[in-house]
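[1] please work out how this folds:
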Amino acid sequence: MAMWVFGYGSLIWKTGFHYDDRLVGFIKGYRRVFYQGSTDHRGTPDFPGRTVTLEPAEGEVCWGVAYKIIRKEDQEEALTVCFFILYRMHVTLYLEVREKQYDQKAHVDIFSDRAATVPAVSGVLIYIASADQKLNRNYLGPASLQEIANQIVRAEGPSGPNRDYLFQLEKALTLLVFIFTHL
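    Model (predicted):
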């Protein structure tokens, strides 16, 4: 059985895993917000960057890309948790490592047509950062636009400056809009 994963942030432009098909579309009832702290990619524990997560929002939609993964081996590569005994370190494979600060998973419907009442694909996996700081110590939550902008401009981590994340997201979303409006 195929597995689908929805990317609404960096997974749009940087998957890092094998996929068999992709579908540009949107999920209903969520909006993308810069509320998740990044202490391991776009910031540090002392000065976290901000990355996007989803929050429930009645009547809203969030555009992104759904990736279809057919082969069991590819699914395991993307999701399986394993232990790398040689170095005695806990290694979680690709998505689990990359999305580790996102403490919730959900399954949603993806729509590829604004007028559709039936989803293009159901049961698509998404990663969400919850607002519960007991479960998600890196949740930063809402702030003024000025505060968020200042934090994004100043933060930098092992994956580069936080502002690069913002610019890459903007570029990817612009391309998605172009693709969707020209199909």
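[2] any low-confidence regions in this protein?
    Scanning the chain for pLDDT under 70 picks out 75-103, 183.
[3] quick one: the helices in it?
    For the chain, the helices defined by DSSP state H occupy 72-79, 94-98, 145-154, 162-181.
[4] what's the closest of these to Y35?
    Closest approach to Y35 among the helices of the chain (C-beta to C-beta): helix 145-154, 8.8 Å. Where you see a C-beta, it was placed from the backbone N, CA and C, and this is true even at glycine.
[5] for the closest one, packing partners?
    strand 49-69, helix 162-181 (3 or more C-beta pairs under 8 Å, 6 or more residues apart in numbering; DSSP states H and E).
[6] please tabulate the ones you listed in JSON lines, including the columns mean neighbour count and distance to T39.
    Output for the helices and strands packed on helix 145-154, formatted as JSON lines (neighbours: other C-beta atoms under 10 Å; distance: least, C-beta to C-beta, whole Å):
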{"stretch": "strand 49-69", "mean neighbour count": "20", "distance to T39": "8"}
{"stretch": "helix 162-181", "mean neighbour count": "15", "distance to T39": "11"}
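[7] in TSV, list these along with distance to Q133.
    Shown next, in TSV, are the helices and strands packed on helix 145-154 (distance: least, C-beta to C-beta, whole Å):
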stretch	distance to Q133
strand 49-69	13
helix 162-181	20
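[8] quick check: which of the ones you listed is nearest to I148?
    Using C-beta to C-beta, the helices and strands packed on helix 145-154 put strand 49-69 closest to I148, at 6.0 Å.
[9] off-centre distance for the closest one?
    Centroid displacement of strand 49-69 relative to its chain, using C-alpha atoms, centre = their mean, to the nearest Å, is 7 Å.
[10] next one: stretch 53-70
    Centroid displacement of stretch 53-70 relative to its chain, using C-alpha atoms, centre = their mean, is 9 Å.
[11] can you put the helices of the chain in JSON lines and add distance to Y8?
    Conversion of the helices of the chain to JSON lines gives the following (distance: least, C-beta to C-beta, whole Å):
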{"stretch": "helix 72-79", "distance to Y8": "16"}
{"stretch": "helix 94-98", "distance to Y8": "13"}
{"stretch": "helix 145-154", "distance to Y8": "17"}
{"stretch": "helix 162-181", "distance to Y8": "9"}
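[12] and those: which comes nearest D40?
    helix 94-98 (9.0 Å).
[13] ok so, going back, please identify which of the helices of the chain is closest to L135.
    L135 sits nearest to helix 94-98 of all the helices of the chain, at 15.8 Å, using C-beta to C-beta.
[14] the spatially most central residue of the chain and Q104, how far apart?
    For the chain, the residue nearest the mean C-alpha position is G9 (4.3 Å; C-alpha atoms, centre = their mean). G9 sits at a distance of 15 Å from Q104 (criterion: C-beta to C-beta, to the nearest Å).
[15] repeat that for Y67.
    19 Å.
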